[in-house]
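In: I would like to see how this sequence folds:
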Amino acid sequence: MFETRKLFFSFILISFFSQATTVLPGEKLNILVSGQVRGLIKLELHSEIAPNHVKRIKYLAGKGLYDNVVFHRVIDGFMAQTGDVKYGNKNKYYPEQVGQGGSTLPDLKAEFSKQKFLAGTLGMARSSNPNSANSQFFITFKDAPHLDNKYTIVGKVVEGMDVLLNIKKGDLKKNGSVEKPDYMEKVFVEN
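Out: Here you go, the predicted structure:
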């Protein structure tokens with residue numbers, strides 16, 4: 001009897017996790033930005049080209065782990081980077097370490113595609129290892145062809161480009177590091 005209950009609860013947990021990370025076409029990642037600028041950025045997720053990365057973003061958003069995470073690296077004319085769920089939460093902020101952390105989940109294998117990094121492209125941040133994306137991501141301000149086929153593309157901005165372009169910029173001498181950065185107040189997925 002105990003084994004049957006254990007198996008039933010395992011099935012329930014697996015079903016719940018699967019539903020939380022099921023990728024549906026046309027889903028949008030919504031980022032409510034707060035700080036110097038306030039507004040909503042909507043991004044269409046590309047589950048057809050990066051299903052595992054989209055699942056990861058959905059999972060972290062669904063668990064609320066992106067909420068209150070800062071835009072720690074913002075380079076004028078290039079991109080805004082965020083998503084360090086370990087060191088980047090404004091309520092438990094580690095300015096000396098932000099940008100070096102990720103989630104407790106394993107890193108993802110790259111899902112490179114023939115898509116181009118155009119203005120408003122959502123890409124996964126990583127280290128020099130192509131298979132090291134975890135929770136951090138960036139959104140480009142303008143076309144960035146030097147990133148093509150080198151970073152996984154996860155989506156694109158469909159609304160709120162004006163909000164994105166007004167996120168507080170960082171110091172170029174410090175690789176875009178931002179003092180008193182804007183942050184993602186709430187991140188959620190909708191169909």
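
In: which of the helices and strands in this protein ranks last by mean pLDDT?
Out: Taking mean pLDDT, DSSP states H and E as the measure, the helix or strand of the chain with the lowest value is helix 2-21, at a mean of 42.

In: for the following helix or strand past that one, packing partners?
Out: Once the chain leaves helix 2-21, the next helix or strand it forms, by DSSP states H and E, is strand 28-34. Judged by 3 or more C-beta pairs under 8 Å, 6 or more residues apart in numbering; DSSP states H and E, strand 28-34 is in contact with strand 39-45, helix 51-62, strand 183-190. For every residue, glycine as well, the C-beta is placed using N, CA and C.

In: how much does the shortest one deviate in direction from strand 183-190?
Out: With axes from the mean of the first three to the mean of the last three C-alpha atoms, to 10 degrees as the criterion, the two stretches strand 39-45 and strand 183-190 enclose an angle of 40 degrees.

In: pull up the pairing partners for strand 39-45, direction included.
Out: strand 28-34 (antiparallel), strand 153-159 (antiparallel) (DSSP bridges).

In: what does the first one contact?
Out: I take that to be strand 28-34. 39-45, 57-58, 61, 66, 71, 122, 155, 158, 160, 163-164, 167, 182-191 (C-beta atoms under 8 Å, 6 or more residues apart in numbering).
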